[in-house]
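In: fold the following for me, if possible:
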Amino acid sequence: MTANRLVLAFCLLPFLTVAALACVSDPMAQRMTAETEGAPAVYAILDSPVISQPTGLELIICPWATGDVSNLAVDAWMPSHQHGMNYEPDIKAIGNGRYAVTNMVYHMPGLWQLTVAIQTGTAHATYVLDMPIR
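Out: Sure, this is the predicted structure:
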């Protein structure tokens, strides 16, 4: 019985890998670090930020077994100064697990951390991505 499960796992592996790769096709996409075990992959495609000017990004949330995203929060934090942005970003679903985030304003140069929190029903996951802003 164990041998049959092993064969089945090897047979399914290519399909699972293709599904994960199909989620993101943009070479500019950066995988965010999940701070929640078992969370789906989340990628960010960042616009080129200009200090004190609104910019945007696109988030790609790979399929999540627990269902559709019911709540999504995006922010940025500057760890060395212990502060966030002065403006609240706007988030718009654009389909297929993709979200356009606008009105991101990094008001000073340095290391910022993009933070994302996702909720689907009772499941919750958080992510972070370091972004050096010059």
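
In: phi, psi of the residue most central in space within the chain?
Out: Closest to where the C-alpha atoms of the chain average out (C-alpha atoms, centre = their mean) is residue 42, at 3.3 Å. When read as degrees, to the nearest 10, the backbone of residue 42 gives phi -130, psi 130.

In: the one 10 residues further on now?
Out: For residue 52, the backbone dihedrals (degrees, to the nearest 10) come out as phi 60, psi 20.

In: relative to residue 113, how far out is it?
Out: 18 Å (C-beta to C-beta, to the nearest Å). Placement of C-beta: from N, CA and C, glycine included.

In: do residue 93 as well
Out: For residue 93, the distance to residue 113 - C-beta to C-beta - is 23 Å.

In: do residue 67 as well
Out: 27 Å.

In: these two: which has the busier surroundings?
Out: residue 113 (15 against 10; other C-beta atoms under 10 Å).

In: can you give me the buried ones in the helix or strand hosting that one?
Out: Here residue 113, judged by DSSP states H and E, is contained in strand 110-120. Buried residues in strand 110-120, counted by 16 or more other C-beta atoms under 10 Å: 112, 114-116, 118, 120.

In: just the helices in the chain please.
Out: Ranges of helices within the chain are 2-22, based on DSSP state H.

In: how about the strands in it?
Out: 30-31, 33-34, 42-46, 55-61, 71-78, 83-84, 90-95, 98-104, 110-120, 123-133 (DSSP state E).

In: what's the first one packed up against?
Out: Contact partners of strand 30-31 among helices and strands, from 3 or more C-beta pairs under 8 Å, 6 or more residues apart in numbering; DSSP states H and E: strand 42-46.

In: what pLDDT, on average, does the strand it packs on get?
Out: For strand 42-46, mean pLDDT rounds to 97.

In: got the angle for it vs strand 98-104?
Out: Orientation note: strand 42-46 sits at an angle of 50 degrees relative to strand 98-104 (axes from the mean of the first three to the mean of the last three C-alpha atoms, to 10 degrees).
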